[in-house]
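K.L.:
The following block contains a protein sequence and its predicted model.
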Amino acid sequence: MTTPQEVAGSQRRRPSPAELVRTMSYEVMPFRGTEQNVLEHVPPTVPLTVTVTEAKGLEPTVDLAERLQRHGYQVAPHLPARQFTDRGHVAEVVARLGEARVRSVFVIGGDAPKPGGEFPDAYALLRAMADVGHPFTEVGIGGYPEGHANIPAAALDEALRAKAPFATRIITQICFDAGVTGAWSAGIAAAGIDLPVHIGLPGPVNRQKLVRISAGIGLGQSARFLRKQQNLLWRLLLPHGYEPTKLALRLAAEAPRGGAIGGLHVFTFNELAKTEAWRRELLARLDAKDVRA
C-alpha cells in the first residue's frame, strides 16, 4: 500500500520563487468577522488554515472551516490533539468535516497544558484518525526549524519521524533565518522524511495587532501566545520593524538548495487586506523579474 508520504515525495518538484508566492497559503484565526474578512480580501485560490484557540475550543474552528469551504475555499482546520476527548470525538469531527467536503487538515499537539482526553500529542491523534478511516487527502504536521522551547531536539526528531508516514506535508513554525530553515528542510529530507515543507512566516503585521489578538484569546493562552511570538514582537521594536518581503525572497532562494521546500505559509494574524496586497505586489515583482530574465 502506498503511504501519503510516498505519494507526496513522488509528486514533489522544486518550485520557482514566483510559484512559491503564487501558491502561498494563509493562516486565519476564528474570530468574529473573520469570514467576511476572508470573503472581502482573499481570493478562493489561496489555501487557508484555521487556528484553534484554547479559550474557545475546537467548535469555532470547525464551524468556520465548514463555512469557508462552502464559499469555495480550500480550508484546513487545525486539529489539536489535546482538545479531543476520545476516539468517539475524533470520529465525530472527522465525519463532520467529511460531510462538509473538507479534504485538508493540520494536526498539532495543541497548547493546552494538559490533555483534555486520551491524546497527548499529534502522533496519537494521527493514529486515531487513521483507525477511524479519515477522508483527508492532505494532512499537515508541524515542523520546528529552530527547535521547541519545551521539547528536547531528540524528542522533536523522533516525533517527526513517527508522524511523517501519516502526513503529506509539513508546516513550520516561524523562523526568521532563511538559511536555518533551508538547512533544516534539507536535513529532514536527507534523513528520509520526504515531505514537502511549507515554511511559516509572518505577513505584514504590527505589534499593536499582536497585542489586540492576545487580549482576545483568554488570559492563560494570551501569555503563551505572546511567548510564542516574542521573536516577532522583538523585531517589531526595531527602528525599521518587520517587513516580510526580504524574508520571503530569502526563503524562496533557499528552495533549490533546501530541496524539500514546497510552499510558503503566511501567519496573517487576520490582517488579510494588507497580506493579500503584499502578496500581489511581491508576485508582480517576481513575474516582472522572470520576464526580464
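P.N.:
Okay, I see it.
K.L.:
can we go C-alpha only for contacts and neighbour counts from here?
P.N.:
OK.
K.L.:
Closest to the centroid, which residue in the chain?
P.N.:
What sits nearest the mean C-alpha location of the chain, by C-alpha atoms, centre = their mean, is Ile171, with 4.7 Å.
K.L.:
Touching, it and Ile141? I think so.
P.N.:
Yes. Counting by C-alpha atoms under 8 Å, Ile141 is a contact partner of Ile171 at 6.1 Å.
K.L.:
list the helices and strands the longest helix along the chain packs on?
P.N.:
In the chain, with assignment by DSSP state H, the single longest helix is helix 272-292. For helix 272-292, the packing partners by 3 or more C-alpha pairs under 8 Å, 6 or more residues apart in numbering; DSSP states H and E come out as helix 17-22, helix 34-41.
K.L.:
most tightly surrounded among those helices?
P.N.:
Comparing the helices and strands packed on helix 272-292 by mean neighbour count (mean count of other C-alpha atoms under 10 Å), helix 17-22 ranks first with a mean of 21.
K.L.:
so how far is that one from its chain's centroid?
P.N.:
17 Å (C-alpha atoms, centre = their mean, to the nearest Å).
K.L.:
hmm, who's touching that helix?
P.N.:
Leu249, Ala252, Ala253, Ala255, Gly262, Gly263, Leu264, Arg279, Leu282, Leu283, Leu286, Asp287 (C-alpha atoms under 8 Å, 6 or more residues apart in numbering).
K.L.:
picking up where we left off before, ranked by average pLDDT, which of the helices and strands packed on helix 272-292 falls at the bottom?
P.N.:
Lowest mean pLDDT within the helices and strands packed on helix 272-292: helix 17-22, a mean of 86.
K.L.:
for Glu254, what are its contacts?
P.N.:
Contacts of Glu254 by C-alpha under 8 Å, 6+ apart are Ala178, Gly179, Gly182, Ile261.
K.L.:
ok so, going back, could I get the helices and strands packed on helix 272-292 as JSON lines with distance to Val90?
P.N.:
Putting these into JSON lines (distance: least, C-alpha to C-alpha, whole Å) gives the following:
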{"stretch": "helix 17-22", "distance to Val90": "33"}
{"stretch": "helix 34-41", "distance to Val90": "25"}
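K.L.:
still on that earlier bit, assign the residue nearest to the centre of the chain to helix, strand or coil.
P.N.:
strand (DSSP: H, G, I helix; E, B strand; the rest coil).
K.L.:
ok, now which ones touch it?
P.N.:
Ile171 neighbours (C-alpha under 8 Å, 6+ apart): Gly140, Ile141, Gly142, Gly143, Val197, His198, Ile199, Gly200, His265.
K.L.:
out of those, which is most surrounded?
P.N.:
Val197 (31 neighbours; other C-alpha atoms under 10 Å).
K.L.:
Would you check that it makes contact with Ala189?
P.N.:
No. Val197 is beyond contact range of Ala189, at 9.6 Å (criterion: C-alpha under 8 Å).
K.L.:
Touching both of these two, which residues are there?
P.N.:
If you check Val197 and Ala189 against C-alpha under 8 Å, 6+ apart, the residues they both contact are Ala260.
K.L.:
Quick check: which ranges of the stretch 151-293 of the chain have low pLDDT?
P.N.:
210-211, 213-227, 229, 236-241, 255-259, 290-293 (pLDDT under 70).
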